[in-house]
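S.K.: Below are the sequence and a predicted model for it; my questions follow.
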Amino acid sequence: MNPELPALLVRGAGLLTPLLPLVGLCLWRAPRPRETAAMIVSTAWALLTLVPLNLYALHAGWWSFHAQGAVWAGIPVDLLLAWALLWGALPAVLLRFLPVPLLTALLVWADIIVMPLAEPVVVLHAAWLLGEFAGSALCLIPALLLAHWTRRGQAVGARMWAQAVLSLGLMVVLPLAALGILPGEGAAVPGGTPAALQLLAVAALPGLAAAREFARVGGGTPLPYDPPRRLVTSGPYAYLSNPMQTTVVAVYLVLAAVLADPRPLFGAAVALAYGAGFAAWHEGGRLREDFGPAWDRYRSGVRAWLPRWRPWPHRAAGTLYVAADCSLCQGLRAWIEERSPTALEVRHAHEHPEVLYRLTYENPEGVRWSGIPALARALDHLNLGWAFTGWALDLPGVRHVAQVAADAFGAGPRPARAPGDGGARRAADTHGGGGGDAHGSPRAARAPGAPGPYGASEPDP
């Protein structure tokens, strides 16, 4: 017998084992858009996390691979793809029948049984079970949770952040790692790697801000099969209709500059061709079908690749509530009004039906941001330069540090009152007044992550 035959059988069986049932289930009942999105996201997560898991497994001696052909960094590519399908797309479809805990247990059990059968391609060592459980915790369980949340339309913030990580990993980091040109100490910019990373962060900021806007305002994600429920014209979309794909192009251009290597320019060209070609045709048609004249009106005023300096005049409106009895707040109000904000109404905080304890921004849907996030939203109405500042200021971690600093300088929470009110409004509200939003409807929920009355904060996209 040909000594390579057992290895070929193992690799063939390994690829067909998840692929055949996946194809059969999809032919039996075609996946709906959300299920398709779940398959894509879970497979992408499994693939992105299985790469470092296997690289570390080779280093730690959990297992090793003995294969020739279609091998990258010592890992058989076909087995890597099969593993990603087995822990990604296939369980995303099997969620039709099984709950997440049971499906997780079955997949771990099956993997423990199958792994020893993969010899001579996969050779297990003494501590291989440690790698198995590490993979289950880092790869399988998050992939299943993402599939579950995507199918049900839940945890939109977590799904958005996962897709942001996947976009960076699969579209930038993994291709550069495959080419061996990740940024290192030899970055061709003054300041070396730290300066290069800061330039990349600036280039990536509009895309991340756009993804967060999809989640917070539109209730969806960047994935075409899991889109926002409403047309988003705020955030980066007030300046550019195509901020995410523009960001990918910008990141590749920055990489070419900081690495002094022309190869990332090919990635920029591919991203530009995709965005200006297929994506513009497909996504533009879908958006026109979903939003009709509103989309045509928006596209007539907002370019795809060249941003506006001032926001689109018909962008989503907002209201900023500023305390009238706070000199610091009134100074901020004057500064904002001097810059003629677009589609932003600035009002006294005591005019709001509820007692407000911080600078507060409210959008037409009644979603509310308080404190530093409110200031960041207001900056979005000024111009592109200040909008960039607002997007950076609203990042998790940054906004929390900024809020602590602002509180230390006198911007801490306190009930907003009309001058000379003497606290009567607060007492009235405490005893039942102010149960609605600015339009008299039931009280609007605080924006996810917006600081509460006393500065508490929840996780947010």
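M.R.: Yep, it's here. Residues are numbered from 1 along each chain as shown.
S.K.: shouldn't R310 be in contact with T342?
M.R.: Yes - at 6.2 Å, R310 counts as touching T342 under the criterion of CB atoms under 8 Å. C-beta: built from backbone N, CA, C; applies to glycine.
S.K.: which of the two has more neighbours?
M.R.: Neighbours were counted for R310 and for T342 using other CB atoms under 10 Å; T342 has more, 19 against 15.
S.K.: and the next element down the chain from the helix or strand where E213 lies?
M.R.: Using DSSP states H and E, E213 falls within helix 192-213. On the C-terminal side of helix 192-213, the closest following helix or strand by DSSP H and E is helix 243-259.
S.K.: Between helix 243-259 and the helix holding E213, find me the angle.
M.R.: 180 degrees (axes from the mean of the first three to the mean of the last three CA atoms, to 10 degrees).
S.K.: what pLDDT, on average, does helix 192-213 get?
M.R.: Computed over helix 192-213, the mean pLDDT rounds to 88.
S.K.: May I see the buried residues of it?
M.R.: 196, 199-200, 203-213 (16 or more other CB atoms under 10 Å).
S.K.: burial of W63, as a residue count?
M.R.: W63 has 18 nearby residues by other CB under 10 Å.
S.K.: just N383 next, same as before
M.R.: 18.
S.K.: which phi and psi does it have?
M.R.: phi -160, psi 180 (degrees, to the nearest 10).
S.K.: where's D111 relative to Q163, distance?
M.R.: Separation of D111 from Q163 (CB to CB, to the nearest Å) stands at 26 Å.
S.K.: The two: which is more packed in?
M.R.: For D111 and Q163, the more surrounded residue by other CB under 10 Å is Q163, and the numbers stand at 24 against 16.
S.K.: My guess is that one contacts T221. True?
M.R.: Yes - in this structure Q163 lies within contact range of T221 using CB under 8 Å: 5.4 Å.
S.K.: Of all the residues in stretch 21-33, which ones are buried?
M.R.: Those would be L22, L25, P31, for stretch 21-33 by 16+ other CB under 10 Å.
S.K.: what does the helix holding E213 rub up against?
M.R.: Helix 192-213 is contacted from outside by 160, 163-164, 167-168, 183-187, 189, 221-222, 232, 234-237, 240, 243-244, 246-248, 250-251, 253-255, 257-259, 388, 391-392, 394-395, 461, using CB atoms under 8 Å, 6 or more residues apart in numbering.
S.K.: Of the buried residues of stretch 21-33, which belong to helices?
M.R.: Using DSSP state H, L22, L25 are the members of the buried residues of stretch 21-33 that sit in helices.
S.K.: Same list (the buried residues of stretch 21-33) but as CSV, adding distance to L382 and pLDDT.
M.R.: CSV is the format used below for the buried residues of stretch 21-33 (distance: CB to CB, whole Å; pLDDT from 0 to 100):
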residue, distance to L382, pLDDT
L22, 49, 95
L25, 51, 95
P31, 44, 93
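S.K.: Can you pull the poorly scored residue ranges out of this structure?
M.R.: 1-5, 182-192, 419-461 (pLDDT under 70).
S.K.: Please identify the buried residues of the helix ranked longest in the chain?
M.R.: Longest helix of the chain, by residue count under DSSP H: helix 33-60. The neighbour-count check on helix 33-60 (16+ other CB under 10 Å) flags 34-51, 53-54, 57 as buried.
S.K.: Can you tell me the number of residues neighbouring S327?
M.R.: Neighbours of S327 under the rule other CB under 10 Å: 9.
S.K.: Report the separation between it and R368.
M.R.: S327 is 24 Å from R368, by CB to CB.
S.K.: intersection of neighbour lists for R310 and T342?
M.R.: Common neighbours of R310 and T342 (CB under 8 Å, 6+ apart) do not exist.
S.K.: still on that earlier bit, quick one: distance of the helix holding E213 to the chain centre.
M.R.: 13 Å (CA atoms, centre = their mean, to the nearest Å).
S.K.: mind listing the strands for the stretch 251-400 of the chain?
M.R.: Taking DSSP state E, counting those that start in this stretch, the strands of the stretch 251-400 of the chain run over residues 318-322, 344-348, 360-362, 368-370.
S.K.: Quick check: which of those is nearest to L107?
M.R.: strand 368-370 (40.2 Å; CB to CB).
S.K.: looking just at contacts, which helices and strands does that closest one meet?
M.R.: Judged by 3 or more CB pairs under 8 Å, 6 or more residues apart in numbering; DSSP states H and E, the packing partners of strand 368-370 are strand 360-362.
S.K.: And for the strand it packs on, what's in contact with it?
M.R.: 318-321, 349, 352, 368-370, 373-375, 377-378, 437-438, 444.
S.K.: From A196, how far off is D261?
M.R.: 12 Å.
S.K.: Next: R339.
M.R.: Look at R339 and A196: by CB to CB, they are 33 Å apart.
S.K.: so which of the strands of the stretch 251-400 of the chain gets nearest L8?
M.R.: Short answer: strand 368-370, nearest of the strands of the stretch 251-400 of the chain by CB to CB, at 58.2 Å.
S.K.: Dump the strands of the stretch 251-400 of the chain to TSV, plus distance to L8 and mean neighbour count.
M.R.: Shown next, in TSV, are the strands of the stretch 251-400 of the chain (distance: least, CB to CB, whole Å; neighbours: other CB atoms under 10 Å):
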stretch	distance to L8	mean neighbour count
strand 318-322	62	23
strand 344-348	65	17
strand 360-362	62	25
strand 368-370	58	27
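S.K.: Which of the ones you listed sits closest to L138?
M.R.: With CB to CB as the criterion, L138 lies closest to strand 368-370 of the strands of the stretch 251-400 of the chain, at 33.0 Å.
S.K.: What is the three-state secondary structure of V123?
M.R.: strand (DSSP: H, G, I helix; E, B strand; the rest coil).
S.K.: My error: substitute A418 in the last question.
M.R.: Recorded secondary structure, A418: coil (three-state DSSP).
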